[in-house]
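Engineer: show me how the following folds:
(2 chains)
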Protein chains: 2
Amino acid sequence: MTTQGAGRPRLTDRKRPGETAREEILDAAAELFTTRGYASTSTRKIADAVGIRQATLYHYFKTKDDILDALLSTTVTPTLEVARRILDSDATPAARLHAVVTFDGVQLWTGRWNIGVLYLLPELRTERFLPFVRARETLRATYRELAAAVLAELAAAGTQHLPDSEEDIPLRLVETLVNLRWDGIGREDEPQRTADAAIRALGWTGDWEAMRSQSSALLAQKE
Amino acid sequence: MTTQGAGRPRLTDRKRPGETAREEILDAAAELFTTRGYASTSTRKIADAVGIRQATLYHYFKTKDDILDALLSTTVTPTLEVARRILDSDATPAARLHAVVTFDGVQLWTGRWNIGVLYLLPELRTERFLPFVRARETLRATYRELAAAVLAELAAAGTQHLPDSEEDIPLRLVETLVNLRWDGIGREDEPQRTADAAIRALGWTGDWEAMRSQSSALLAQKE
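Structural biologist: Residues are numbered from 1 along each chain as shown, chains lettered A, B, ... in the order given. I've put the predicted structure just below:
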């Protein structure tokens, strides 16, 4: 896209963070969808919030649903990529799960807008959002695989742990960061502590400092 | 209210579950709010779904916000009442927390509509919903008190457990039943298993059968 080139002149009246008009549109839409509601936000209002004409907005996104889909993807795609890389590493199961929860949690916790509140919209029930729903299912399956490895290790060591049927607990916990943000509670280190809680909830005990430093090392690695 | 008397004649064309017109309105609104969206649902559509005139609806609820507030209250008030009674009992801390999680979870899991999806609506940010937001804060404080008692017991016994800062984990877990319902996953016994997971996540270990039967006994007691 020509608009993404480094040579694009910066507008002096830029209202929004973002390198490109596309990113500015996403930022404005995220604000309006999460603070005013999806149904109540028109593409006209989004264009106004960016300071562009509606025709310009349609150049980037044909429909409001396309904007929502792009926003939702930003909450799942990066975690899926990181999780795939980490699954291939030779770190311990606990460190791998801890790293993925931390990465996912940081996205949900520090993004400019609390996009996760949009997961429960009735609009996502339509055909249009099947690809996103499928991506979330893939994320869920990845979390289950990571948790199953921790549980298998605990079973092999004879440690008391959660039953296999509870391998959804880590994803369930990380997604509650959305609710904590909505409620305005929680601390800066909430994602890291959620990762600790997820590991501990499965029954893991061991050298916490070693596990956390292995988790940090996994996240510090380049692709 | 005269409409709640046992002598009210049953309509033969009753479309909705509920003893009274008020309950029928709440049921129709819960369906429309959770499946079509709050902003997209007018009081006219709710009246149509019940099969009454809009003027009749206004006899029970002055505004759409009043309907939403009544629905939200049904998800918090009963748990608060049960939790207060259980806090006064002499059951063990683990059984008390387990009983409250189970009760709360059953409400969220088996209600006819998944009303919890409405917790994250931007509309709840307004003054109108402050009483509901306060009630949820009271529920959160009650959960913390129940969890703190479990953690104190574990600390006294020298058992490895979650840090005190994680006493929100049980409420976080029970509220994810809303997400599981939205995703269409989970089993019939999800509330009970969530209660087990909440106790285990804090670090509790012990006689599970004894703890579960004490929890059931607490819930079987009359007020």
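Engineer: can you list the buried residues in the biggest helix by length in chain A?
Structural biologist: Longest helix in chain A, counting residues (DSSP state H): helix A:130-157. The neighbour-count check on helix A:130-157 (16 or more other Cβ atoms under 10 Å in any protein chain shown) flags A:132, A:135-136, A:139-140, A:142-143, A:146-147, A:149-151, A:153-154 as buried. From N, CA and C alone the C-beta is placed, and that goes for glycine too.
Engineer: tilt between the next helix or strand after it and helix A:130-157?
Structural biologist: Elements were assigned by DSSP states H and E; along the chain past helix A:130-157, the next helix or strand is helix A:169-183. Counting by axes from the mean of the first three to the mean of the last three Cα atoms, to 10 degrees, helix A:169-183 points 120 degrees away from the direction of helix A:130-157.
Engineer: tell me the residues of chain A that contact chain B?
Structural biologist: Near chain B, the residues belonging to chain A are A:34-40, A:117, A:119-123, A:125, A:136, A:140, A:160, A:162, A:165-166, A:168-169, A:172-173, A:175-176, A:178-180, A:182-183, A:185, A:187, A:193, A:197, A:200-201, A:203, A:205 when assessed by Cβ under 8 Å from any Cβ of the partner chain.
Engineer: are any of those residues buried, and which?
Structural biologist: By neighbour count, with 16+ other Cβ under 10 Å, the residues of chain A next to chain B hold A:34, A:37-39, A:117, A:119-123, A:136, A:140, A:162, A:166, A:168-169, A:172-173, A:175-176, A:178-180, A:182, A:193, A:197, A:200-201, A:203 as buried.
Engineer: and the buried residues of helix A:130-157 as JSON lines, adding pLDDT?
Structural biologist: Putting the buried residues of helix A:130-157 into JSON lines (pLDDT from 0 to 100) gives the following:
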{"residue": "A:F132", "pLDDT": "97"}
{"residue": "A:A135", "pLDDT": "97"}
{"residue": "A:R136", "pLDDT": "96"}
{"residue": "A:L139", "pLDDT": "97"}
{"residue": "A:R140", "pLDDT": "97"}
{"residue": "A:T142", "pLDDT": "97"}
{"residue": "A:Y143", "pLDDT": "98"}
{"residue": "A:L146", "pLDDT": "97"}
{"residue": "A:A147", "pLDDT": "97"}
{"residue": "A:A149", "pLDDT": "97"}
{"residue": "A:V150", "pLDDT": "97"}
{"residue": "A:L151", "pLDDT": "96"}
{"residue": "A:E153", "pLDDT": "96"}
{"residue": "A:L154", "pLDDT": "95"}
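Engineer: save those residues as a markdown table, and put in distance to A:R16 too.
Structural biologist: As requested, the buried residues of helix A:130-157 are arranged in a markdown table below (distance: Cβ to Cβ, whole Å):
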| residue | distance to A:R16 |
| --- | --- |
| A:F132 | 23 |
| A:A135 | 26 |
| A:R136 | 27 |
| A:L139 | 28 |
| A:R140 | 32 |
| A:T142 | 32 |
| A:Y143 | 33 |
| A:L146 | 35 |
| A:A147 | 38 |
| A:A149 | 41 |
| A:V150 | 41 |
| A:L151 | 44 |
| A:E153 | 46 |
| A:L154 | 47 |
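Engineer: please enumerate the helices of chain A.
Structural biologist: In chain order, chain A shows helices spanning A:21-35, A:43-50, A:54-60, A:64-87, A:93-110, A:130-157, A:169-183, A:190-202, A:208-220, with DSSP H as the criterion.
Engineer: can I get those in TSV including distance to B:T110?
Structural biologist: Compiled in TSV, the helices of chain A are given as follows (distance: least, Cβ to Cβ, whole Å):
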stretch	distance to B:T110
helix A:21-35	30
helix A:43-50	39
helix A:54-60	44
helix A:64-87	29
helix A:93-110	28
helix A:130-157	23
helix A:169-183	18
helix A:190-202	24
helix A:208-220	38
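Engineer: what distance do you get for the most centrally placed residue in chain A to chain B?
Structural biologist: Residue closest to the average C-alpha location in chain A (Cα atoms, centre = their mean): A:T75, at 3.2 Å. Going from A:T75 to chain B by Cβ to the nearest Cβ, to the nearest Å gives 14 Å.
Engineer: gap between that residue and A:W109?
Structural biologist: Between A:T75 and A:W109 the computed distance is 11 Å (Cβ to Cβ, to the nearest Å).
Engineer: how is chain A carved up into domains?
Structural biologist: A:13-62, A:65-220 (automatic domain parsing).
Engineer: mind putting these into CSV with distance to B:A28?
Structural biologist: Shown next, in CSV, are the domains of chain A (distance: least, Cβ to Cβ, whole Å):
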stretch, distance to B:A28
domain A:13-62, 18
domain A:65-220, 15
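Engineer: out of these, the one nearest B:E24 is which?
Structural biologist: Nearest to B:E24, of all those, is domain A:65-220, at 21.2 Å by Cβ to Cβ.
Engineer: show the end-to-end separation of that closest one, please.
Structural biologist: 35 Å (Cα to Cα, to the nearest Å).
Engineer: give me the distance from it to the chain's centre.
Structural biologist: Centroid separation for domain A:65-220 versus its chain: 8 Å, with Cα atoms, centre = their mean, to the nearest Å.
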